[in-house]
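1. quick one: sequence plus predicted model below, questions after.
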Amino acid sequence: MTQYAFRLLNVFAESTFGGNPLCVFEDGRGLDSATMQAIALQFNLSETTFILPSERADARVRIFTTGYEMPFAGHPTLGTAQVVRALRGSGDRLQLEFTAGVVPVSAQGNVWTFTAPHRGQPKTAPSGLADAEIAALLGLDAADLAGSPIWVDTGADQLLVPLASPDAVRRASPDSARLHEWPQSSLGRKTAYVFAFDPQNPGRVLSRYFFTKQGGGVAEDPGTGSACANLGGWLLATGHALPARFEVDQGEAVDRPCRLRLQVSEDGAIQVGGRVVEIGRGTLTL
């Protein structure tokens, strides 16, 4: 039997039990893809990562949801970076290799920031449905939209839905009986990232991220770094003034408050950051 060490962390956490949970395996050598997938399902978190050697970066990282492997994801990047730093003993600037590419990551204390692996203008595409239909699938009216929903890809494509107010974000309630109507991403995923700028505080955004669960139904992710990066891509695609800086609140509706820090530079570089809190360690015996 072989033991595999893992750590449990909360990412984008402003408190011990806030943030988005993550499991990171310190050394994934000896585990094949099927076993990694089975472990991710066993832990039943939104993502589980496995650290491996890399010839191109400080570490190679594989990311698994409970149902499939992802080329890139935000909160696994930041949480894994903290574990890589701890294993190395030092270093606040790292390079992590993902299927989507090599991603630079930096830290100030336990606040980590990644630079999205896109180059130039982000990939965008129409939603594939009429605006009113997208709104209805989210339990909203067309008047709640602040613009047309579009697919944005700065590392992992997701459907971004701009809403007219934070109240509309809070009222969003996807209809699980109509999941067959949802548009699908390039990976066959059905997701929606709804967001609104706070008129009382121009530097703040309220967001929610919905996705279809394995076996059916709709779940809500507490804090989604890749979607926040795609919000940066949305700012670029819609001609927002640059540089731009926002604090993005997510997770309110699922009692896991998250704070994500988004920056888009004048040259279009997108950075997403947040605090990482380690809450436990253990070993898995196989």
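-> On my side now, so go ahead.
2. send the alpha carbons of the biggest helix by length in the chain over as CSV?
-> Of all segments of type helix in the chain, defined using DSSP state H, the longest is helix 74-88. Below are the C-alpha coordinates for helix 74-88, written out as CSV (Å, rounded to 0.1, in the frame of the first residue of the first chain):
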residue,chain,number,x,y,z
GLY,A,74,-8.6,29.6,-10.8
HIS,A,75,-9.0,28.6,-7.2
PRO,A,76,-7.1,25.4,-7.7
THR,A,77,-4.2,27.5,-9.1
LEU,A,78,-3.9,29.7,-6.1
GLY,A,79,-4.4,26.9,-3.5
THR,A,80,-1.9,24.6,-5.2
ALA,A,81,0.6,27.5,-5.5
GLN,A,82,0.6,27.9,-1.7
VAL,A,83,1.3,24.1,-1.3
VAL,A,84,4.1,24.2,-3.8
ARG,A,85,5.7,27.1,-2.0
ALA,A,86,5.4,25.3,1.3
LEU,A,87,7.0,22.2,-0.1
ARG,A,88,9.9,24.2,-1.7
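3. quick one: buried residues of it?
-> Judged by neighbour count (16 or more other Cβ atoms under 10 Å), helix 74-88 contains these buried residues: 74, 75, 76, 77, 78, 79, 80, 81, 82, 83, 84, 85. Where C-beta positions appear, they are placed from N, C-alpha and C, glycine not excepted.
4. ok, then the element right after it?
-> strand 93-98 (DSSP states H and E).
5. gap between the next helix or strand after that following strand and the chain center?
-> Going down the chain from strand 93-98, the next helix or strand is strand 101-108, by DSSP H and E. For strand 101-108, the separation from the chain centroid amounts to 15 Å (computed by Cα atoms, centre = their mean, to the nearest Å).
6. repeat for stretch 272-286
-> On Cα atoms, centre = their mean, the centre of stretch 272-286 falls 16 Å from that of its chain.
7. hmm, back to that, looking at the buried residues of helix 74-88, which is nearest residue 59?
-> Set against residue 59, the nearest of these by Cβ to Cβ is residue 84 (4.9 Å).
8. hmm, that closest one is touching residue 96, no?
-> Yes. Counting by Cβ atoms under 8 Å, residue 96 is a contact partner of residue 84 at 7.1 Å.
9. mutual contacts of those two, please.
-> 58, 59 (Cβ atoms under 8 Å, 6 or more residues apart in numbering).
10. beta-bridge partners for residue 221, please?
-> In this structure, residue 221 bridges to residue 209 when assessed by DSSP bridges.
11. list the contacts of it.
-> Applying Cβ under 8 Å, 6+ apart, the residues contacting residue 221 are 20, 46, 209, 210, 211, 227, 250.
12. do that again at 10 Å, thanks
-> 20, 46-47, 75, 191, 193, 208-211, 227, 250-251, 254, 256, 258 (Cβ atoms under 10 Å, 6 or more residues apart in numbering).
13. inside strands: which ones of the residues you listed?
-> Per DSSP state E, strands hold the following members of those: 20, 191, 193, 208, 209, 210, 211, 250, 258.
14. tally of neighbours for the nearest residue to the fourth one once chain neighbours are set aside?
-> For residue 208, the nearest residue in space outside its immediate sequence neighbours is residue 194; the separation is 5.2 Å by Cβ to Cβ, 6 or more residues apart in numbering. Counted with other Cβ atoms under 10 Å, residues neighbouring residue 194 total 28.
15. what about burial for the contacts of residue 221, which qualify?
-> 20, 46-47, 75, 191, 193, 208-211, 227, 250-251, 256, 258.
16. between those, which is closest to residue 264?
-> Looking across the buried ones among the contacts of residue 221 and measuring by Cβ to Cβ, the closest to residue 264 is residue 227, at 14.5 Å.
17. what's the distance between the closest one and residue 95?
-> 23 Å (Cβ to Cβ, to the nearest Å).
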